[in-house]
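Enquirer: Any chance you can model this:
(one chain, ligands or ions: 1)
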Amino acid sequence: MDRNTEEILVDMDQIAFNMLKHGDGEIVLLETYCNEGIAIIEINNPGKRNAISGKMMSDFRNCITKLESWKQGKAVIILGRGQNFCSGGDLDFVKNHPTQKGGLYFSTLMRDILKRLEQLPLFSVALVHGATLGGGTEVAVACDYILVSEDVKFAFVQGKLGIITAWGAATRLTKAIGTKKALDLLLTSRILTAQECLDIGLASGIVTEENKLEDCLEWTRRRTRHSCNVTRAFKLAVSQSNLFDESLRNELELFLPLWGCPENREALSKNIKHVNGHK
Ligand SMILES: C[C@@H](C(=O)O)C(=O)SCCNC(=O)CCNC(=O)[C@H](O)C(C)(C)COP(=O)(O)OP(=O)(O)OC[C@H]1O[C@@H](n2cnc3c(N)ncnc32)[C@H](O)[C@@H]1OP(=O)(O)O
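Expert: Numbering: from 1, shown residues only. Purely as a prediction, here's the structure:
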């Protein structure tokens, strides 16, 4: 990665701004159930089966920014308008930007958005239905829960396109269902039905195709009965416990430069006996 690219990458505002001109569609925040502490993010790009364009990434980012400052929120549901949840990243962008820089823009922005979604004090529910492919699966696994509609077709198709997951799905999937099952889904790109999503531990429940939103709201309401403060504190406590791995890695990184440093060598040369007179 050259220096220019690195500099551009740290400026997420600039990336989001640049992505605005790529494609149509929208991702909007619906406030219909906000009085209950439940927001809805709707993915809408009907001409492309709800594929996520560059412009929609910027929209998505704006939705997350709003949710970050919504102090009364308990939960957010993400769904697709119409028949499909999301057919992935917009292939037109992918085809027109085959350079590493294009890939970096596209995936770094989404990685940042999904990380911020994960860190919200609201718990998130992906209500997946119809085609849920590639980047659509990335969005789904970044949510705290996945509910699947009976008609879902869920597949990590990235391998079939000669790429791997770039928005964090491999890491999240492995954490959710374990190494063997995660690897299996990624290596085969097989299409999961609703029942398979449930059986494998990916989904927390199945909702009916006709009443998916109502079913999902009922399911969500059963988890928003505590006060706002308690709900948000639980979400943060649970999600921050995930930092354990990061913390272990961090600890190792801090340790490594000390190994063999002058102080370390000097101490070793003294053959220190830490407990005097011990037999
Ligand atoms: C970046 C990467 C990642 O994970 O990070 C990705 O997500 S790569 C994206 C991974 N996703 C894919 O490869 C999806 C490929 N698409 C499909 O498998 C299929 O289109 C389905 C999504 C199952 C829908 O099939 P169905 O028969 O219902 O409709 P269709 O194939 O006629 O598609 C309707 C229109 O939507 C477009 N369309 C569908 N998916 C699209 C996508 N991801 N990006 C851009 N356009 C897309 C089709 O080209 C077509 O355009 P016209 O009407 O103009 O002909």
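
Enquirer: Quick check: residues of the stretch 51-200 of the chain near the ligand?
Expert: Applying Cβ under 6 Å from any ligand atom, we find that the stretch 51-200 of the chain lies next to the ligand at 51, 87-92, 94, 131, 133-135, 138, 157-158, 161, 166-167. Where C-beta positions appear, they are placed from N, C-alpha and C, glycine not excepted.

Enquirer: now these: which count as buried?
Expert: 51, 87-90, 94, 131, 133-135, 138, 157-158, 166-167 (16 or more other Cβ atoms under 10 Å).

Enquirer: Show me which of those residues is closest to Leu268.
Expert: The closest of these to Leu268 turns out to be Ala166 (Cβ to Cβ; 43.7 Å).

Enquirer: I'd guess the closest one is in a helix, am I close?
Expert: No: counting by DSSP: H, G, I helix; E, B strand; the rest coil, Ala166 is located in no helix; its state is coil.

Enquirer: what phi and what psi does the backbone show at it?
Expert: Phi and psi for Ala166, reported as degrees, to the nearest 10, are phi -130, psi -10.

Enquirer: confidence score at the closest residue to it other than its chain neighbours?
Expert: Distances taken as Cβ to Cβ, 6 or more residues apart in numbering put Ser107 closest to Ala166, at 3.6 Å, once the chain neighbours are dropped. On pLDDT, Ser107 comes in at 86.

Enquirer: What residues sit buried inside the host helix or strand of Ser107?
Expert: Assigning secondary structure by DSSP states H and E places Ser107 in helix 100-119. When burial is assessed from 16+ other Cβ under 10 Å, helix 100-119 yields the following buried residues: 102, 104-110, 112-114, 116-117.

Enquirer: any low-confidence regions in the protein?
Expert: Residue ranges of the chain with pLDDT under 70: 1-10, 242-245, 247-256, 259, 279.

Enquirer: Run through who's touching the helix or strand that contains Ile77.
Expert: Secondary structure assignment for Ile77, by DSSP H and E: strand 75-80. Applying Cβ atoms under 8 Å, 6 or more residues apart in numbering, the contact partners of strand 75-80 are 37-44, 50, 67, 85-86, 117, 120, 122-130, 136, 139-140, 143, 212-213, 216-217, 220, 223-224, 231.

Enquirer: Please list all residues in contact with the residue lying closest to Gly54 once chain neighbours are set aside.
Expert: Nearest residue to Gly54 in three dimensions, chain neighbours excluded: His22, at 2.9 Å (Cβ to Cβ, 6+ apart). Counting by Cβ under 8 Å, 6+ apart, His22 touches Ser53, Gly54, Lys55, Asp90, Phe93.

Enquirer: can you rerun that using 6 Å?
Expert: By Cβ atoms under 6 Å, 6 or more residues apart in numbering, His22 lies in contact with Ser53, Gly54, Phe93.
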